[in-house]
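Chemist: generate a structure from the sequence data that follows.
(one chain, ligands or ions: 1)
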Amino acid sequence: MAQVKWFILASFICIQSISVNAQPGTIITNIQLVDGTGKPASRASVRIQGDKIVAIGALKPNKMDQVIDGKGKVLAPGFIDSHSHHFGDLTKNRSGLSTSSQGITTIVIGQDGNGYPMDSLSKWMIENPVVSNVASYTGQSSLREIAMGENDLYRNATVPELQKMKTILASELAKGSFGLSTGLEYEAAFYSSKQEVIDLAKVTAANQGLYTSHIRSEDLHMDEAIDEIIEIGRQTKMPVQVSHIKIANKLNWGTANLILEKLNQARKTGVNISADVYPYTFWNSTLRVLFPGKDFDNLASAEMATKQLFDPNESVLVQFAPNPNYVGKTITAIGVERNEQPAQALISLIQLAEDFKKANPNYTGSVEAIAGKAMSEEDIKTFLAWPESIICSDGNSGGHPRGYGAFTRVLGRYVRESNLMPLEKAIYKMTGQSADFFGFKNRGRIAVGNFADLVLLDPATVMDEANLKNSKALSKGIEMVWVNGQLVYQAQKATGNLPGVLIKRK
Ligand SMILES: [Zn+2]
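Modeler: Residues are numbered from 1 along each chain as shown. Presented below is the predicted three-dimensional model:
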């Protein structure tokens, strides 16, 4: 009986290899396979055919196969960027290096409350394929703009407006959106009530979606903001995720463990809460988020911001349409030029940006952005090491270096240099664990039948190179990247292949 079983198994493998042998493929040999499950690296070869991984093991190439010698380096699943703003760049530069050069093969967009309608995204992706796979959330602020008008958002939605938002959201979820994203700290959503958010979250849960949130406060009122997302997870029972978790209030630096204790406690009572995190001590956002009370001309608030919420000596303007000469300078340096203290400079810059917007109503793109030095290294390490956190970039192209270096920074600085966790664990947080969160059934792990999203990297040299002065510098140690079986990046260059697809929630 045992023999018969063995025979059936053997013939099954044989049949599979015959169908595989019929066409040429690519074999990547001489690699350390880090398969995205977290288990230790092993020696193996991987065979790709079409857009899939078709065999793993001690493989012999066929005559027609292209053989790639991995030279003992690591082959991992392509990285999934759970919170990305790269899409805007990819629409202009479709083989864009910002994703592939750091090993990212799938970006999840529609973040912080801002998203694209699924129909137009779908149409765009078919007509204009890009280098990376794309998945998307539906944004609460975008829904509010449709239902309430983009200039009337500083209030709670009315009952008919909320109904309209729910209807659109349900339809977007049916079209493959992965869930609801909110950017509650931003003014377009800040004035929405907890109930409005819960009502929308319930629609999402009823359609088996996910909830991700740039929470209402990452500084002064972070505790209440964490309570709010826990409550949403409790009431809806769906997976909820804190976007780019951070502690941006200097007085609370070093308390990441307390936050995680609270999240772990909620998990114990059945709330499926997790977080994503990027590996930098500075964020990238608007000057306006530095005013939690939205009192943008209040000098006392500005002074509190410069003391507690960011370091004006190390925080750099990365975008400033009213005066591009300020870009690249710190708030303190701009203050010196303007003969103002940093707090007053902050107020002046916001006023200049407002005046610019009024004078240029048709200006598209962001008028101002700042890379704000606001977090402690210790907290970042604590969040990165939390078993429930996954890695994101929160990046786009240019401005903040995370757009080019978030994933390689984790592997170079936090894995190799500071030994925060084993390589396999870090890669799991960039691949298998993210795929599980999103429910990507056939991505995020190197397994037979999965899509061939792959990265070949050198664990001895992988490192981010982008910084505030040169935010587009390419990482070291990312040797080759494949998306859906096609090589997209090699020797620090895009190959020009554009195999990215729109991934829809099933
Ligand atoms: Zn955000």
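
Chemist: tally up the residues packed near the closest residue to G496 other than its chain neighbours, please.
Modeler: Excluding its sequence neighbours, the residue lying closest to G496 (CB to CB, 6 or more residues apart in numbering) is S95, at 5.5 Å. Just so you know, the C-beta spots here come from the backbone N, C-alpha and C atoms, and that holds for glycine as well. S95 has 20 neighbours, counted by other CB atoms under 10 Å.

Chemist: next one: F320
Modeler: Applying other CB under 10 Å, we find 23 residues neighbouring F320.

Chemist: touching, it and L349? I think so.
Modeler: Yes. Between F320 and L349 there is a contact under CB atoms under 8 Å: 7.2 Å.

Chemist: the residue nearest to G496 and G500 touch, don't they?
Modeler: No. In this structure, S95 is not within contact of G500 by CB under 8 Å, at 9.8 Å.

Chemist: report pLDDT for the residue of the stretch 151-300 of the chain found nearest the ion.
Modeler: Proximity of the stretch 151-300 of the chain to the ion (CB to the ion) peaks at H214, 3.5 Å away. You'll see H214 listed with a pLDDT of 98.

Chemist: check contacts around E424.
Modeler: Contacts for E424 (CB atoms under 8 Å, 6 or more residues apart in numbering) come out as 34, 38-41.

Chemist: mutual contacts of S95 and G500, please.
Modeler: The contact lists of S95 and G500 share 130-131, where a contact means CB under 8 Å, 6+ apart.

Chemist: gap between the residue nearest the centre of the chain and A135?
Modeler: The chain has H83 as the residue nearest its centroid, 2.1 Å off, counting by CA atoms, centre = their mean. According to CB to CB, to the nearest Å, H83 and A135 sit 11 Å apart.

Chemist: need the residues touching each of these two.
Modeler: In contact with both H83 and A135: V108, using CB under 8 Å, 6+ apart.

Chemist: host element of the residue nearest to G496?
Modeler: Of the helices and strands defined by DSSP states H and E, none includes S95.

Chemist: returning to what we had before: can you list residues touching both of F320 and L349?
Modeler: Listed contacts common to F320 and L349 are 326, 368; contacts here mean CB under 8 Å, 6+ apart.

Chemist: spit out the contact partners of the residue nearest to G496.
Modeler: Going by CB under 8 Å, 6+ apart, S95 touches 130-131, 488, 494-498.

Chemist: hmm, try it at 6 Å
Modeler: Shown in contact with S95 (CB atoms under 6 Å, 6 or more residues apart in numbering): 131, 494, 496.

Chemist: try A44
Modeler: 33, 56-57.

Chemist: R155 too?
Modeler: Y191.

Chemist: kindly report the same for I334.
Modeler: For I334, the contact set (CB under 6 Å, 6+ apart) comprises 326, 345.

Chemist: for the host helix or strand of it, what is the average pLDDT?
Modeler: Assigned by DSSP H and E, I334 belongs to helix 331-338. Helix 331-338 shows a mean pLDDT of 97.

Chemist: please name every helix or strand in contact with whichever helix or strand comes after it.
Modeler: The helix or strand immediately downstream of helix 331-338 is helix 342-359, counting by DSSP H and E. On a contact count with 3 or more CB pairs under 6 Å, 6 or more residues apart in numbering; DSSP states H and E, helix 342-359 meets helix 299-304, helix 331-338.

Chemist: how about residues contacting helix 342-359?
Modeler: By CB under 6 Å, 6+ apart, the list of residues contacting helix 342-359 from outside reads 287, 296-297, 302-303, 306, 312, 321-322, 331-332, 334-335, 338, 367-368.

Chemist: and stretch 254-264, C-alpha only, in CSV?
Modeler: Extracted in CSV, the C-alpha atoms of stretch 254-264 (Å, rounded to 0.1, in the frame of the first residue of the first chain):
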residue,chain,number,x,y,z
GLY,A,254,10.9,55.5,24.9
THR,A,255,7.4,54.4,25.5
ALA,A,256,6.9,52.2,22.5
ASN,A,257,6.6,49.2,24.8
LEU,A,258,3.6,50.7,26.5
ILE,A,259,1.8,51.2,23.2
LEU,A,260,2.6,47.7,22.2
GLU,A,261,1.4,46.4,25.6
LYS,A,262,-2.0,48.1,24.9
LEU,A,263,-2.1,46.6,21.4
ASN,A,264,-1.2,43.1,22.7
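
Chemist: give me the residue from the stretch 401-506 of the chain nearest the ion.
Modeler: Across the stretch 401-506 of the chain, no residue is closer to the ion than R402, which sits at 11.7 Å (CB to the ion).

Chemist: picking that back up, possible to save the helices and strands packed on helix 342-359 as JSON lines with distance to the ion?
Modeler: As requested, the helices and strands packed on helix 342-359 are exported to JSON lines (distance: least, CB to the ion, whole Å):
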{"stretch": "helix 299-304", "distance to the ion": "21"}
{"stretch": "helix 331-338", "distance to the ion": "20"}
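
Chemist: closest one to V108 among those helices?
Modeler: Checking the helices and strands packed on helix 342-359 against V108 by CB to CB gives helix 331-338 as the closest, at 31.5 Å.

Chemist: buried sites along the closest one?
Modeler: By neighbour count on 16 or more other CB atoms under 10 Å, the buried set for helix 331-338 is 331-335.

Chemist: next one: stretch 130-149
Modeler: 130-145, 147-148.

Chemist: which bits of the stretch 1-150 of the chain sit near the ion?
Modeler: Residues of the stretch 1-150 of the chain lying close to the ion (CB under 5 Å from the ion) are D112.

Chemist: apart from its neighbours in sequence, what residue is nearest whatever residue of the stretch 1-150 of the chain ends up closest to the ion?
Modeler: Nearest to the ion, among the residues of the stretch 1-150 of the chain, is D112, at 4.0 Å (CB to the ion). Nearest residue to D112 in three dimensions, chain neighbours excluded: G183, at 3.5 Å (CB to CB, 6+ apart).

Chemist: am I right that the one you found is in contact with V197?
Modeler: No. G183 lies out of contact with V197 (CB atoms under 6 Å); the separation is 11.1 Å.

Chemist: alright, calling it a day.
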